[in-house]
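Undergrad: Based on what follows, work out the 3D shape:
(2 chains)
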Amino acid sequence: MKKMILIAALLASPLFAQLNEKIEVPYVPFPIKMGKGFEAIQTHCLMCHSFGYIINQGRQSKKFWHGKVMKMVKHFKAPMDEQAIKETTDYLFEHYGNGKLK
Amino acid sequence: MKRRDFFKKTATIAGAAALGTSNLNAETTEQPIDNRKVSPVAFPEKRPLIMYSDRPPLLETPRDVFTSALTPNDQFFVRWHMPDIPTHIDPDTFTISVNGLVNKEMKISLNELKTKFEQVEVTAVLQCGGNSRSAFKPIAGGIQWGSGAMGCATWKGVRLRDILDQAGLHKDAAWIGFNGSEKAAYYETPNFVRELELSELDDHVILAYEMNGEDLPYLNGYPLRLVIPGYYSDSWVKMLSNITVTNEYKKLFFMDVAYRVPDNETESETPEKRFPKTKPIKKMNVKSVIGYPTRDSVVTYKSHVVVRGVAWDDGHGIQDVMVSTDGGKSWEKALLDDGKLGRYAYRTFRHAFKPMNLGKTTIMAKAISKIGEEQPFAKDIKWNHGGYKYNGIDEVTVEVV
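TA: Okay, the predicted model is just below:
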């Protein structure tokens, strides 16, 4: 009888039993650079996305990074004031910049 | 995990990310980045794939998977927009809501979807509009995908049309909005909602719960996603929870700002002078990708190599795939599969090649659609700010030894 109940339960379950549990997306420690402004990055960027997004852009101009920060503010509604915008942009340009302003 | 192992792992991941920054100063489009390795970290229901981010998860399929017409579920690429994905969905209590300008608002369970509607299947390519974005120079903002933000699967589900018919559309119904279950960190962040115009919907549009004979993988939109054959994947809403019928188009970030290209004939612009008018990326252009050999393959002098790959477009179908083994000077027709998976699927191609020169040899593939659309050389692809719709002739350079 016990066996039959078990079989019935198996038949009713989806094809993959593991989905009856929570999934766990692995945490990946991206090697982000430390330095002035890192706290602002941690506060304002990490809320919505991993550091992988930043690193994957490669070295970019100050204009590029400022544009990225402003996209987060304008379109994704990141609550950042002028100072936060400056700190994050400066950090990104210092550590992931290509030396060019434009 | 031992401390040393942890740092070793971190170093490998760092390598995968940093390799993607070559040729930053070149100003012409070239081949997408092709040197990334799979990550040591495997995500739920997935084999290790090329990994860009864990939150939201962004995973790319390695090139060598693109030799077969169907992409295995555990190697299928993953792209989410928001950090908060529900980590558990109970298939017994899950429902999809249909509301708005309908005669009868509905909440349909998975079981009802599987038993009360006609079950249909379509094999179709799912490709990110930004697939191969790393080809664009100067860099186009966004994830710097190689060529693997795509896959092809047989999707099983129910026609959207059948569901709308059962709900009964009002006379003035014109737009359908689709919501997924992913959530942003801030309430003010726009949700991932897509809108389709009723006139765009044909019977190939389905709500799919199955992929290649299995439940949808969790990271590919379990338990239900929209399937719009021929269209880029930004419209294929994952973890679909709600369908709302309206009579007018609502302004939405993911419709009005993201996933758009310049609305001119060449769909191009320059970084200095952006084209003011844009349009949604919508339908896929003709493209092919070589799955074998890859840059890591060992190819032996005077051996019998079979070049393999996949080709597709938006559903007009593939007429020919041409292969060149002399850097594009001469082209030969590759053999195509029988096309039985239908016009929205990958068409696999193969081509016999006997390397007669030692050293570096470049293999190219170029697809031509049934309406005569043909892949351009990478260098002839014009820039757009979002780095969308790259479809340059694919190249793999191998060392013949």
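Undergrad: Quick check: the gap between the nearest residue to B:Tyr388 once chain neighbours are set aside and B:Pro62.
TA: In space, B:Tyr388 comes closest to B:Gly129 once its chain neighbours are excluded; the distance is 4.6 Å by CB to CB, 6 or more residues apart in numbering or on different chains. Quick note: C-beta positions are derived from backbone N, CA and C, even for glycine. When distance is defined by CB to CB, to the nearest Å, B:Gly129 is 20 Å away from B:Pro62.
Undergrad: Buried residues in stretch B:91-109, which are they?
TA: For stretch B:91-109, the buried set under the neighbour-count rule, 16 or more other CB atoms under 10 Å in any protein chain shown, comprises B:91, B:94, B:96, B:98, B:100-102, B:106, B:108.
Undergrad: Go back to the residues you listed and keep what's next to chain A.
TA: B:Pro91 (CB under 8 Å from any CB of the partner chain).
Undergrad: In strands, which of the buried residues of stretch B:91-109 fall?
TA: Helix and strand membership here follows DSSP state E; of the buried residues of stretch B:91-109, those in strands are B:96, B:98, B:100, B:106, B:108.
Undergrad: How about the third one: what's its closest non-neighbour residue?
TA: Closest residue to B:Gly100 apart from its sequence neighbours, by CB to CB, 6+ apart: B:Val245 at 3.7 Å.
Undergrad: Check whether that neighbour really touches B:Lys171, as I assumed.
TA: No: under the contact definition of CB atoms under 8 Å, B:Val245 does not touch B:Lys171, with a separation of 11.5 Å.
Undergrad: Who has more neighbours out of those two?
TA: In this comparison of B:Val245 against B:Lys171, neighbours counted by other CB atoms under 10 Å in any protein chain shown, the higher total goes to B:Val245 at 21 against 7.
Undergrad: What helix or strand is the more buried one located in?
TA: With secondary structure defined by DSSP states H and E, B:Val245 is part of strand B:242-246.
Undergrad: now what about that strand, what contacts it?
TA: Surrounding strand B:242-246, the residues in contact under the criterion CB atoms under 8 Å, 6 or more residues apart in numbering or on different chains are B:96-102, B:160, B:163-164, B:167, B:169-170, B:173-179.
Undergrad: again, but for stretch B:45-53
TA: Taking CB under 8 Å, 6+ apart as the criterion, the residues outside stretch B:45-53 that touch it are A:16, A:18, A:23, A:28, A:49-50, A:52-53, A:56, B:13, B:16-17, B:36-43, B:58-62, B:73-78, B:143-144, B:146, B:148, B:217-219.
Undergrad: Now list the buried members of those.
TA: Among those, those classed as buried by neighbour count (16+ other CB under 10 Å) are A:23, A:28, A:49-50, A:52-53, A:56, B:13, B:16-17, B:36, B:38-39, B:41, B:43, B:58-62, B:73, B:75-78, B:143-144, B:146, B:148, B:217-219.
Undergrad: Inside strands: which ones of the residues you listed?
TA: Filtering these for membership in strands, criterion DSSP E, returns B:58-60, B:78.
Undergrad: where does the chain dip in pLDDT?
TA: Answering for chain A, as no chain was given. Residues of chain A meeting the criterion pLDDT under 70: A:1-19.
Undergrad: right idea, wrong chain: chain B
TA: Within chain B, the ranges that satisfy pLDDT under 70 run B:1-27, B:253-255.
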